[in-house]
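> Got a predicted structure here, sequence first:
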Number of protein chains: 2
Amino acid sequence: MTRTTQPPGSLVLKIGGSLFSDKSRPGSLDEKVFASYAALVADLAKARPGRIVLVTGGGAFGHGALRGLDPDDPFAPLPFVQATAGVRWRWVSALTDMGVRALPLQLGAFSTVDPAHPLGVAVAEEPLKALLAAGVLPVLSGDCLLRPDGSLEAFSSDRTPEVLVRALGETPRVVTLTDVPGVLTGGPGSDDVLELIDAHHPEDAYRHVWKESEWDASGAMQGKLDALVACARQGAECFIMRGDPGLSDLRHLTRPEDEWPLGLKRTRIALPQEEAR
Amino acid sequence: MTRTTQPPGSLVLKIGGSLFSDKSRPGSLDEKVFASYAALVADLAKARPGRIVLVTGGGAFGHGALRGLDPDDPFAPLPFVQATAGVRWRWVSALTDMGVRALPLQLGAFSTVDPAHPLGVAVAEEPLKALLAAGVLPVLSGDCLLRPDGSLEAFSSDRTPEVLVRALGETPRVVTLTDVPGVLTGGPGSDDVLELIDAHHPEDAYRHVWKESEWDASGAMQGKLDALVACARQGAECFIMRGDPGLSDLRHLTRPEDEWPLGLKRTRIALPQEEAR
């Protein structure tokens, strides 16, 4: 598990909703911070057209749609479809204004829950691949996916990259930007992170994951770790990092890890080198 | 080209935007008429779960998004994505309130323009099929589809059934409800319709199609006829009829044509009987 010296082929960048929206406040969106992140994504998309996929968290919108659902209603999560569509469109509007060709994609229109599938989700990847081949920035999010029994599953934005990795081609990378700098080893409030997690043996890492607030529907760090372990097992090099809207750019995310700025905290989740390459 | 005595396996019902929205008035939607159509669709979906696909026209919303586009901007039609998503969600909300499990589907998330494909569009049909198999009502519309050169094509709701026919299985039917009772033989204002069109030889029918108002982006009757000829050539039995929100139900649309109420005007577009079956 040494650092890679190869640049990634393509990058799924997941931006946590908590970075631009206060999940505990319905409808909250910090316009200024959101615009900063959009500018960072626009810069990245222009630098590497066709190599970037954006996955946005739902923030207050997504979480609000999933609170207080009727457990007996198989279609109860339906409002999540519209809530996440609204957040995708916010990104697409902002990115378009910045000169990026971006298109929102509804995950549930090309993916369904399939327990027989190795990923647990059957995916029709062609349109996503076509967008990348055309140099367009696909903008995705969590969404409701159909289960075989006809009910809807609220599939989180954290898990969305799992479904996308295969469409990325060679040496995919997944970066999840959130409000902590990685998997913390000192509990809440600490700033020490676990630097490396072997995706075949993530057990030790889970000891550092704690239960988050009740109002968070995403499973917080545990959900992120589950998702990135699943991405890494598909061959992706994955990172959990703190998002910072004040950065000048995010271009290091498309460069080999050993060329990243010094002192940038993160947790890397990957297969042992010899297996991944 | 005699009438069929078999019921259709599945039905794509396309409801023209002009039936519930005045295309010449931005944002127009007649709530009462819309609710009536939603009740008709809900009844049909409950009577034949998993056998109905709804395609909604964009009405004032869709047409508004396509007016005055910059011909030099390959992404100019992008607002059509959001406009049609809004109309799909109106339907899904209304249908859900009426007890129907309905899900909006973004056409451009599972279809791309592909000139090499016999349909002109490459389609990943699995999620749509899965929804039908689970008894869910998929709600579609026009949308922007990616072209191979990376530009967006505003793909009309009239054409959307072309992309869906193959997912319907055996003996598909497509019914387009619009504001005229079929292909009129006497020009605008007449009420005489061409009863049958052979999808292999539609030339004569096109003589009856006239140019519509400038504010209509859909190509009006010519676009509908092109689309239904394309559907019929895939084996669908197709009809153009006038929508009537005052009907007690639309269940005849899922019965063999010879069992339909008497005096119901329509234009039927199909392959000659021996080829279609």
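Thanks, I have it.
> how long is stretch A:63-73 end to end?
18 Å (CA to CA, to the nearest Å).
> I'd say A:Arg255 and A:Gln6 touch.
No: checked against CB atoms under 8 Å, the pair A:Arg255 and A:Gln6 is beyond contact range at 9.9 Å. No exception for glycine: its C-beta is placed from N, CA and C like everyone else's.
> who in chain A is up against chain B?
A:74-75, A:78, A:81-82, A:85, A:89, A:92, A:96, A:101, A:103-112, A:122, A:124-127, A:130-131, A:134-136, A:144, A:146-150, A:152 (CB under 8 Å from any CB of the partner chain).
> can you rerun that using 6 Å?
A:75, A:82, A:89, A:101, A:105-106, A:109-110, A:112, A:124, A:126-127, A:130-131, A:134-135, A:146, A:150 (CB under 6 Å from any CB of the partner chain).
> In PyMOL, how would I select the buried members of these?
The following PyMOL line selects those of the residues of chain A next to chain B that are buried, judged by 16 or more other CB atoms under 10 Å in any protein chain shown:
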select buried, chain A and resi 75+82+89+101+105+106+109+110+112+124+126+127+130+131+134+146+150
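> In strands only, show me the residues of chain A next to chain B.
Within the residues of chain A next to chain B, residues falling in strands by DSSP state E are A:Thr112, A:Leu146.
> Touching, A:Val163 and A:Gly120? I think so.
No: using CB atoms under 6 Å, A:Val163 is not in contact with A:Gly120, being 9.3 Å away.
> These two: who's more crowded?
A:Val163 (27 against 16; other CB atoms under 10 Å in any protein chain shown).
> my guess is A:Ala236 contacts A:Thr171, does it?
No: using CB under 6 Å, A:Ala236 is not in contact with A:Thr171; the gap is 8.4 Å.
> Any regions of the stretch 151-277 of chain A where pLDDT drops low?
Across the stretch 151-277 of chain A, the ranges flagged by pLDDT under 70 are A:187-189, A:210-219, A:274-277.
> Report the closest residue of it relative to chain B.
Closest contact between the stretch 151-277 of chain A and chain B, by CB to the nearest CB, is at A:Leu152 (7.5 Å).
> show me the contacts for that residue.
Taking CB atoms under 6 Å, 6 or more residues apart in numbering or on different chains as the criterion, A:Leu152 is in contact with A:Phe75, A:Pro77, A:Cys144.
> that older thread, quick check on A:Ala236 and A:Thr171: which one has the bigger neighbour count.
A:Ala236 (30 against 16).
> OK, contacts around that one?
By CB under 6 Å, 6+ apart, the neighbours of A:Ala236 are A:Val165, A:Pro172, A:Val174.
> and if you look at A:Ala102?
Applying CB under 6 Å, 6+ apart, the residues near A:Ala102 are A:Val92, A:Leu95, A:Leu137, A:Val139.
> Most widely separated two among those residues?
Spanning the widest gap among those are A:Val92 and A:Leu137, at 8.6 Å by CB to CB.
> Quick one: mean pLDDT for stretch A:17-34?
Averaged across stretch A:17-34, the pLDDT comes to 90.
> who touches it?
By CB under 6 Å, 6+ apart, stretch A:17-34 touches A:Gly57, A:Gly58, A:Gly59, A:Ala60, A:His63, A:Gly64, A:Asp179, A:Trp215, A:Gly243, A:Pro245.
> Buried ones only from those, please, as a PyMOL command.
Buried members of the contacts of stretch A:17-34, defined by 16+ other CB under 10 Å, are picked up in PyMOL with:
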select buried, chain A and resi 57+58+59+60+63+64+243+245
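> Mind checking which of the contacts of stretch A:17-34 are in strands?
Per DSSP E, the contacts of stretch A:17-34 never map to strands.
> coming back round to it: between the contacts of A:Ala102, which has the most around it?
Counting by other CB under 10 Å, top hit in these: A:Leu137 with 27 neighbours.
> can you pull the contacts of that residue?
So A:Leu137 contacts A:Ala45, A:Ile52, A:Val100, A:Ala102 (CB under 6 Å, 6+ apart).
> between those residues, which is closest to chain B?
Out of the contacts of A:Leu137, the member with the shortest distance to chain B (by CB to the nearest CB) is A:Ala102, at 8.5 Å.
> Now do the contacts for A:Arg242.
Contacts of A:Arg242 by CB under 6 Å, 6+ apart are A:Pro181.
> one more time with 10 Å, if that's ok
A:16, A:19, A:177-182, A:191, A:193, A:264-266 (CB atoms under 10 Å, 6 or more residues apart in numbering or on different chains).
> looking at these, which has the most residues close by?
In the contacts of A:Arg242, the most neighbours by other CB under 10 Å go to A:Gly16, 26 neighbours.
> where's that residue relative to A:Asp179, distance?
6 Å (CB to CB, to the nearest Å).
> Need the residues touching each of these two.
A:Ala220, A:Arg242, A:Gly243.
> Now render the residues you listed as JSON lines, adding distance to B:Ser36.
Output for the shared contacts of A:Gly16 and A:Asp179, formatted as JSON lines (distance: CB to CB, whole Å):
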{"residue": "A:Ala220", "distance to B:Ser36": "46"}
{"residue": "A:Arg242", "distance to B:Ser36": "53"}
{"residue": "A:Gly243", "distance to B:Ser36": "48"}
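> which one of these sits closest to B:Leu250?
Nearest to B:Leu250 among the shared contacts of A:Gly16 and A:Asp179, with distances taken as CB to CB, is A:Ala220, at 47.3 Å.
> Tell me how many other residues crowd the closest one.
Neighbours of A:Ala220 (other CB under 10 Å): 20.
> I'd like the distance between A:Pro115 and chain B.
The spacing between A:Pro115 and chain B, counted by CB to the nearest CB, to the nearest Å, is 13 Å.
> any shared contact partners between A:Val92 and A:Leu137?
With CB under 10 Å, 6+ apart, A:Val92 and A:Leu137 have common neighbours A:Leu54, A:Val100, A:Arg101, A:Ala102, A:Leu103.
> Inside helices: which ones of these?
In helices, judged by DSSP state H, none of the shared contacts of A:Val92 and A:Leu137 are found.
> Farthest-apart pair in those residues, please.
A:Leu54 and A:Arg101 (12.5 Å).
> Report the angle between the longest helix seen in chain A and helix B:79-97.
Longest helix of chain A, by residue count under DSSP H: helix A:79-97. Relative orientation of helix A:79-97 versus helix B:79-97 (axes from the mean of the first three to the mean of the last three CA atoms, to 10 degrees): 170 degrees.
> All set now, cheers.
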